[in-house]
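Student: okay, here's the prediction I keep looking at, along with the sequence it came from:
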Amino acid sequence: MALSRNIRVMISSRCNDRFPAGSKNSPTLSTIRKDLKKEIEAQELFGDTAFEVWINEVAPPQGGTWDSWEVCLNAVRDCDVLLVLYNGNAGWAGAAGDIGICHDELSTAYSTAAGKVWLIDLGAIPVDNSDAGKRNKRFQEYVAKRTPFRGGEVKTLDELKQRVREALRDAVVTLVQSGVIEASRGRFDSGQALDWSRMMMRGAARRFEGRCSLMLPPSFRRLGGAGRRFEGRVQFDAAAKLQKIRGWEEALVPASHRETPTRRTAGTSASSQPGIWLGLSGHLSFARF
């Protein structure tokens, strides 16, 4: 993702559909997007620009390996705020059974960062049995299933522009506050987060040691004498392999058995072999002294 000093806004909609629908005198959504881009980018924060708006009508050309579909999806991934002017039209598609570009843009945004999507309802167009109609139906069913909160349907151009202003302001405040919450969690290796990490690790170590102790078979006691009490601490490396045992040597293993312990296979008697077998996470590990 390319870095920017400004808040990156993308406006997604059909291009040639008119709004309000049903009048030849209504401007196209492409014209409305250009006007919104000018208005949004004219807003300043402490005397400096705060927004940059991406619309496909004025996007710079890309290299020969990029197609127009991928350029639009990349803009969706790259933006900080996605404003969707939704009228139920899925847009063009590569084949009859495919989803439209508007459908894919919205789906990509929801799958990567749903929190940056603000959908403005312009009223859904009717569907028919044509390929485009079936594509639009899939798009409208997808949006209905997602049930994004979008407020009331806008019916005039003034209402549309005012809803965009409200959505963008809400987006900026919401995303800044979300960023503060994320930042307040801090790093795991410093401050309170480090203290909590240490506490959790100590607790996990105690539970792990206790589990290992319980997994010692009763036959181990016969190596050092039945009923003898033992205490000790098991230490493990990062891969959870046995390193050494402290305090259990004298209690469990006679000195004569510590010099050259012989490795054995699982299932043989622990009392007939020197050394200790410990059950560790479902596996058997051999401890040499």
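Tutor: On my side now, so go ahead.
Student: pLDDT score assigned to residue 27?
Tutor: Model confidence at residue 27, given as pLDDT, is 97.
Student: same question, residue 151
Tutor: 80.
Student: with just CA atoms, put stretch 119-127 into PDB.
Tutor: Output of stretch 119-127 as PDB, limited to C-alpha atoms (Å, rounded to 0.1, in the frame of the first residue of the first chain):
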ATOM      1  CA  LEU A 119     -22.600   3.000   1.600                       C
ATOM      2  CA  ILE A 120     -25.100   5.700   0.500                       C
ATOM      3  CA  ASP A 121     -28.400   4.400  -0.800                       C
ATOM      4  CA  LEU A 122     -29.700   6.000  -4.100                       C
ATOM      5  CA  GLY A 123     -32.500   3.500  -4.500                       C
ATOM      6  CA  ALA A 124     -32.000   0.200  -6.400                       C
ATOM      7  CA  ILE A 125     -32.800  -0.100 -10.100                       C
ATOM      8  CA  PRO A 126     -35.300  -2.800 -11.200                       C
ATOM      9  CA  VAL A 127     -34.000  -6.100 -12.400                       C
END
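Student: may I see the buried residues of it?
Tutor: For stretch 119-127, the neighbour count (16 or more other CB atoms under 10 Å) marks 119-122, 124-125, 127 as buried. Where you see a C-beta, it was placed from the backbone N, CA and C, and this is true even at glycine.
Student: so which of those sit within strands?
Tutor: Among those, the ones falling in strands (DSSP state E) are 119-121.
Student: out of the residues you listed, which is nearest to residue 100?
Tutor: For those, the minimum distance to residue 100 (CB to CB) is 15.6 Å, reached by residue 119.
Student: beta partners of the closest one?
Tutor: residue 84 (DSSP bridges).
Student: now it: how far from residue 88?
Tutor: 11 Å (CB to CB, to the nearest Å).
Student: likewise residue 125?
Tutor: Residue 125 is 5 Å from residue 88, by CB to CB.
Student: what does residue 15 give?
Tutor: Distance from residue 15 to residue 88, by CB to CB: 15 Å.
Student: the two - which one has more neighbours?
Tutor: Using other CB atoms under 10 Å as the criterion, residue 15 and residue 88 rank with residue 88 on top: 20 against 17.
Student: for the helix or strand containing residue 109, the averaged confidence score.
Tutor: Per DSSP states H and E, residue 109 falls inside helix 101-113. The average of the pLDDT scores along helix 101-113 is 96.
Student: low-confidence stretches in this protein?
Tutor: 1-3, 62-65, 148, 184-289 (pLDDT under 70).
Student: and the strands in it?
Tutor: Secondary structure of the chain, counting by DSSP E: strands at 7-12, 44-45, 48-49, 51-54, 81-86, 117-121, 233-236, 242-246, 276-280, 283-287.
Student: contacts for the third one next, please.
Tutor: Outside strand 48-49, the residues within contact range by CB atoms under 8 Å, 6 or more residues apart in numbering are 6, 41.
Student: partner strands of that strand, with direction?
Tutor: By DSSP bridges, strand 48-49 pairs with strand 44-45 (antiparallel).
Student: so in the protein, which helix runs the longest?
Tutor: helix 157-184 (DSSP state H).
Student: which secondary structure elements does that helix contact?
Tutor: Applying 3 or more CB pairs under 8 Å, 6 or more residues apart in numbering; DSSP states H and E, we find helix 157-184 packed against helix 29-41, strand 81-86, strand 117-121.
Student: most packed of those?
Tutor: strand 81-86 (a mean of 24; mean count of other CB atoms under 10 Å).
Student: which secondary structure elements does that one contact?
Tutor: So strand 81-86, by 3+ CB pairs under 8 Å, 6+ apart, packs with strand 7-12, helix 29-41, helix 101-113, strand 117-121, helix 157-184.
Student: mind redoing it with 6 Å?
Tutor: Under the contact criterion of 3 or more CB pairs under 6 Å, 6 or more residues apart in numbering; DSSP states H and E, strand 81-86 touches strand 7-12, strand 117-121.
Student: now residue 95: how far from residue 12?
Tutor: Between residue 95 and residue 12 the computed distance is 21 Å (CB to CB).
Student: which one's more surrounded, those two?
Tutor: Neighbour count, other CB under 10 Å: between residue 95 and residue 12, residue 12 has more, with 26 against 6.
Student: wait, the more buried one sits on residue 105?
Tutor: Yes - applying CB atoms under 6 Å, one finds residue 12 in contact with residue 105, separated by 5.0 Å.
Student: kindly reformat the ones in strands among the buried residues of stretch 119-127 as JSON lines containing distance to residue 50.
Tutor: Shown next, in JSON lines, are those (distance: CB to CB, whole Å):
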{"residue": "119", "distance to residue 50": "22"}
{"residue": "120", "distance to residue 50": "20"}
{"residue": "121", "distance to residue 50": "26"}
